[in-house]
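*Asks:* Provided below are the primary sequence and the corresponding predicted coordinates.
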Amino acid sequence: MRRLIAAVALAAAAGCLSEPGGRPAVVAPAGPDAGPNRPSAEAAARVEEVGQRLLAANPFLGVEPSFQVVGIPEPMVAHPDYQGVFLSVGLVDRCETENALAAVVASEMAQMAAERRT
C-alpha cells in the first residue's frame with residue numbers, strides 16, 4: 001500500500017494527465033471504439049505489463065482489475081467498477097516512461113482500493 005501511495009504522488013509529477021498549460025485532461029470514457037485512434041497491441045501490452053507488475057507488488061490491495069486501452073486520443077483514465085482500469089491510447093502515448101505510466105495506473109488502483117474499503 002505504501003508503494004501505491006508513493007505512486008499517487010508520482011502521478012502528479014509524471015505529467016501524463018495534464019495539458020501543456022497544467023490543466024487536468026481527464027475526461028469520461030466514450031466507449032472502447034471511440035475516436036479515430038485504435039489502441040495498438042504494443043500499448044495494450046505495455047499497460048498490461050505495468051498493471052500486472054503493480055498487482056504483484058501489492059498482493060493485499062483488495063482489487064484485481066483487468067487493464068484495458070481504449071481508442072480515445074485525449075488523455076483519460078477511469079474505472080467504472082472494481083473489475084477494470086481503462087486508459088486511453090492518448091494517455092498511454094503521453095506517458096514517455098514506464099514509471100510515469102505506472103504512477104497513473106497505481107493512482108487509479110489506489111482510488112479503487114480506497115472506494116472498496118469505504
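*Replies:* Perfect, thanks for sending it.

*Asks:* state the helix or strand in which V47 lies.
*Replies:* Element membership of V47 [criterion: DSSP states H and E] is helix 41-57.

*Asks:* next helix or strand past that helix?
*Replies:* Following helix 41-57 in sequence order, the next helix or strand is strand 66-70 (DSSP H and E).

*Asks:* enumerate the positions of that next one that are buried.
*Replies:* Neighbour-count burial for strand 66-70 flags F67, Q68, V69, V70 (criterion: 16 or more other C-beta atoms under 10 Å). For the C-beta atoms, the positions are set from N, CA and C on the backbone; glycine is no exception.

*Asks:* mind putting these in a markdown table, pLDDT included?
*Replies:* Converted to a markdown table, the buried residues of strand 66-70 look like this (pLDDT from 0 to 100):
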| residue | pLDDT |
| --- | --- |
| F67 | 96 |
| Q68 | 95 |
| V69 | 96 |
| V70 | 94 |
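
*Asks:* which of those lies closest to A113?
*Replies:* F67 (15.1 Å; C-beta to C-beta).

*Asks:* may I see the buried residues of the helix or strand hosting S107?
*Replies:* Counting by DSSP H and E, the element that carries S107 is helix 98-117. By 16+ other C-beta under 10 Å, the buried positions in helix 98-117 come out as 100-113.

*Asks:* over to stretch 44-64?
*Replies:* A44, R46, V47, V50, G51, L54, L55, N58, L61, V63.

*Asks:* run through who's touching that stretch.
*Replies:* Contacts with stretch 44-64, where a contact means C-beta atoms under 8 Å, 6 or more residues apart in numbering, come from 1, 3-4, 7, 65, 67-69, 82, 85, 87, 92, 98, 101-102, 105-106, 109, 112-113, 116-117.

*Asks:* hmm, back to that, so the helix holding S107 versus helix 41-57, what angle?
*Replies:* Counting by axes from the mean of the first three to the mean of the last three C-alpha atoms, to 10 degrees, helix 98-117 lies at 60 degrees to helix 41-57.

*Asks:* let me see the mean pLDDT of helix 98-117.
*Replies:* Helix 98-117 shows a mean pLDDT of 93.

*Asks:* how about low-confidence regions in this structure?
*Replies:* Scanning the chain for pLDDT under 70 picks out 1-37, 118.
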